[in-house]
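Visitor: Got a sequence here, can you model it:
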Amino acid sequence: MLGERTAEDIKMAIGSAFPTQDEPVAEIRGRDLVSGLPKTIVVSAEEIRKAMEEPINSIVDAVKTTLDKCPPELAGDVMDHGIVLTGGGALLHGLDERLRHETGMPIHVADNPLHSVAIGSGKCVEEFEALRQVLVSESRR
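Guide: I've put the predicted structure just below:
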């Protein structure tokens, strides 16, 4: 059994969404669920990847579903320019490669993925009049 903080540290240190060469291992300390005593084990990046497979598959499926629902013009733009990953998930090693492999689309990680959503929202507020021109109102849907 691990604490949430330890699990997050392991994910950030050796977690990945796609296999790589020379995958790292990590020594982790937790509590043995059988004996209840503290225990140290060594885990591989592959084991961590398998543990994260379900949420990673959810991300991949959401991207595929969104691409499937895109209007043809937007799909063409995405094919030309690619998908930009933002947020903390964009920092997961190999997520860009996994999405590239699964979708065949160019995938880019934002320069500052942890702050890019907030920065983009701020720019929308600053330039709201320009944004208003591309927004679709409820009555036009």
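Visitor: got the residue ranges for the helices in this protein?
Guide: In the chain, the segments counted as helices under DSSP state H are 4-14, 45-51, 53-69, 72-81, 95-103, 116-126, 128-132.
Visitor: out of the ones you listed, which comes closest to A26?
Guide: Closest approach to A26 among these is made by helix 4-14 (4.9 Å; C-beta to C-beta). Where C-beta positions appear, they are placed from N, C-alpha and C, glycine not excepted.
Visitor: and the closest one, what does it pack onto?
Guide: Here helix 4-14 touches strand 25-31, strand 38-44, helix 45-51, going by 3 or more C-beta pairs under 8 Å, 6 or more residues apart in numbering; DSSP states H and E.
Visitor: Please work out which residues outside that helix touch it.
Guide: Helix 4-14 is contacted from outside by 2, 23-26, 28-30, 43-45, 48, 52, 91-92, using C-beta atoms under 8 Å, 6 or more residues apart in numbering.
Visitor: Quick one, which of the residues you listed are buried?
Guide: Buried members of the contacts of helix 4-14, counted by 16 or more other C-beta atoms under 10 Å: A26, I28, A45, I48, L92.
Visitor: Can you pull up the most central residue in the protein?
Guide: G89 (3.2 Å; C-alpha atoms, centre = their mean).
Visitor: Please verify my assumption that it contacts L95.
Guide: Yes: counting by C-beta atoms under 8 Å, L95 is a contact partner of G89 at 6.5 Å.
Visitor: Can you tell me, leaving aside adjacent residues, what's nearest to I56?
Guide: Among residues not flanking I56 along the chain, A17 sits closest, at 5.0 Å (C-beta to C-beta, 6 or more residues apart in numbering).
Visitor: so that neighbour sits right up against R49, yeah?
Guide: Yes: between A17 and R49 there is a contact under C-beta under 8 Å: 6.9 Å.
Visitor: what residues are shared contacts of those two?
Guide: Common neighbours of A17 and R49 (criterion: C-beta under 8 Å, 6+ apart): I56.
Visitor: Against K123, how distant is V117?
Guide: Note on V117: its distance to K123, by C-beta to C-beta, to the nearest Å, is 11 Å.
Visitor: That'll do, ta.
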